[in-house]
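**Student:** Pasting the sequence and the predicted coordinates here, then a few questions.
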Amino acid sequence: MFAKLLEYERQIFPLIIQFIFYRRFNMFKRRSFASLIVITFLIGCSTVPITGRRQLSFVPQNQLIASSNDSYHQLLSESKMSEDKEKTQMVVNVGKRIASSAEQFMRENKMEKEIQNYHWEFKLIQDDKTVNAFCMPGGKIAVYTGMLPITQDENGLAVVLGHEVAHALANHGGERMSQLLLAQMGATTLSAALSQQPQQTRQLLLQVYGIGANVGVILPYSRSHELEADHIGLILMARAGYNPNSAISFWQRMNEKAGKRPPEFLSTHPEPLKRIEDIRNELPEAMKYYKQSTYSITFFSGINLFN
């Protein structure tokens, strides 16, 4: 399924670029042609790790990460952090292994410069009613305690963290923010939003991630983004020594949860049963990495994730 979506995006990508330039040219045809040149310069293409998809992303990484860092710590300051040291440490440990797996892949493929400004952080927010997790640009990650009864153990948690780290590794936030900026702003205000209006940039970032004050006005990842994060996350967790088969049981539990009341984590995601089908198709690839992994899992004995 993901391969079909990837091929579809490769086919329509040139048409999207042409459409963007056509609209912008008509909008600014009475202004100097330099405005159009600015857009051309700002629009950048990059390659998503593991899947190889070409993406549109022109938001400078240093500005994106700076805004992300501010928003992340502001959100943490307004949230209650978990006081359960064992569960918090489990989130940190699993997260570090997933991040290490991601960094190793980038080094092996000579792409380490793309994440050289990443500084991974892993936090556990005390909120049993919220079944959610997120990863912001630069590796800023948070898991809500409401997710733990569904993850159940380290393997289940690795499914979630692998998925979220994949969003950061694939720069999905930068890609969506680029799309939002192009849709809402012209060439003359684009530069100002990125450099002279940090508050506006931060607000756009919060919209991209659907957190903070504008949680009701979410700019969700596209369906292809979510499926891509599933694929990348599966590979990352397998390379880190977590059994990728756990993704099936995790999404089955999530599907049961969705049958009662869809959790926030699913509000912008593909339907669980459909993504289970796609994950089954991707398991053979992931299992190759899992069998080659040098990691061994040590479970936290005595932790009851349902408390």
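**Tutor:** Okay, I see it.
**Student:** which phi and psi does N243 have?
**Tutor:** phi -70, psi 110 (degrees, to the nearest 10).
**Student:** Okay, helices next: where are they in this protein?
**Tutor:** Counting by DSSP state H, residue ranges of the helices within the chain are 2-27, 34-42, 61-77, 85-108, 148-151, 154-169, 172-184, 187-195, 198-209, 223-239, 246-260, 272-292.
**Student:** Can you tell me how far I50 is from M237?
**Tutor:** Separation of I50 from M237 (CB to CB, to the nearest Å): 12 Å. Placement of C-beta: from N, CA and C, glycine included.
**Student:** Which of the two has more residues huddled nearby?
**Tutor:** Remark: of I50 and M237, M237 carries more neighbours, 33 against 21, as counted by other CB atoms under 10 Å.
**Student:** P244 is in contact with that one, correct?
**Tutor:** Yes. Between M237 and P244 there is a contact at 6.0 Å, judged by CB atoms under 8 Å.
**Student:** Now the common contact residues for those two.
**Tutor:** Shared contacts of M237 and P244, defined by CB atoms under 8 Å, 6 or more residues apart in numbering, are found at A286.
**Student:** list the contacts for V94?
**Tutor:** Taking CB under 8 Å, 6+ apart, we find V94 in contact with 122, 154, 157-158, 161, 242.
**Student:** Could you identify the most distant pair in those?
**Tutor:** Distance extremes for the contacts of V94: the farthest pair is F122 and Y242 at 15.0 Å, using CB to CB.
**Student:** The two: which is more packed in?
**Tutor:** Neighbour count, other CB under 10 Å: between F122 and Y242, Y242 has more, with 30 against 24.
**Student:** ok, for that one, nearest residue in space, not its chain neighbours?
**Tutor:** Among residues not flanking Y242 along the chain, A158 sits closest, at 3.7 Å (CB to CB, 6 or more residues apart in numbering).
**Student:** So the one you found versus S57, what's the distance?
**Tutor:** 27 Å.
**Student:** What lies in contact with stretch 163-172?
**Tutor:** By CB under 8 Å, 6+ apart, the list of residues contacting stretch 163-172 from outside reads 46, 48-51, 55, 57, 61, 95, 98-99, 102, 106, 114-115, 118, 133-139, 141, 173, 221, 225, 228-233, 236.
**Student:** Ok, stretch 238-252 next?
**Tutor:** Outside stretch 238-252, the residues within contact range by CB under 8 Å, 6+ apart are 94, 97-98, 100-101, 104-105, 150-151, 154-156, 158-160, 162, 230, 234, 237, 272, 275-276, 279-280, 283, 286-290, 293-297.
**Student:** Recalculate using a threshold of 7 Å.
**Tutor:** 97-98, 100-101, 105, 150-151, 154-156, 158-159, 234, 237, 272, 275-276, 279-280, 283, 286-287, 289-290, 293, 295-297 (CB atoms under 7 Å, 6 or more residues apart in numbering).
**Student:** Can you say which of the residues you listed are buried?
**Tutor:** Among the contacts of stretch 238-252, those scoring as buried are 97-98, 101, 105, 150-151, 154-156, 158-159, 234, 237, 272, 275-276, 279, 283, 286, 289-290, 293 (criterion: 16 or more other CB atoms under 10 Å).
**Student:** what about G233, distance to C45?
**Tutor:** Taken as CB to CB, the span from G233 to C45 is 23 Å.
**Student:** Looking at these two, which is more packed in?
**Tutor:** Ranked by neighbour count (other CB under 10 Å), G233 and C45 place G233 first, with 29 against 11.
**Student:** Wait, that one touches A158, no?
**Tutor:** No. Counting by CB atoms under 7 Å, G233 stays clear of A158, with 8.5 Å between them.
**Student:** how about low-confidence regions in this structure?
**Tutor:** 1-44, 181-221, 258-269, 295-307 (pLDDT under 70).
**Student:** Return the set of buried residues in stretch 113-130.
**Tutor:** Across stretch 113-130, burial judged by 16+ other CB under 10 Å covers 114-115, 118, 120-127, 130.
**Student:** Check those against S178 and report the nearest one.
**Tutor:** Minimum distance to S178 across those is 15.6 Å, recorded for E114 (CB to CB).
**Student:** so what's the closest one closest to, chain neighbours aside?
**Tutor:** Per CB to CB, 6+ apart, closest to E114 is M106, 6.6 Å.
**Student:** Let me know whether the one you found touches P49 as I believe.
**Tutor:** Yes. Assessed by CB under 7 Å, M106 is found in contact with P49 at 6.5 Å.
**Student:** which ones are touching I235?
**Tutor:** I235 makes contact with 50, 286, 289 under the criterion CB under 7 Å, 6+ apart.
**Student:** Would you mind measuring from the closest residue to W120 other than its chain neighbours to P284?
**Tutor:** Nearest residue to W120, sequence neighbours excluded (CB to CB, 6+ apart): G139, at 3.8 Å. Noted for G139: a distance of 29 Å to P284, by CB to CB.
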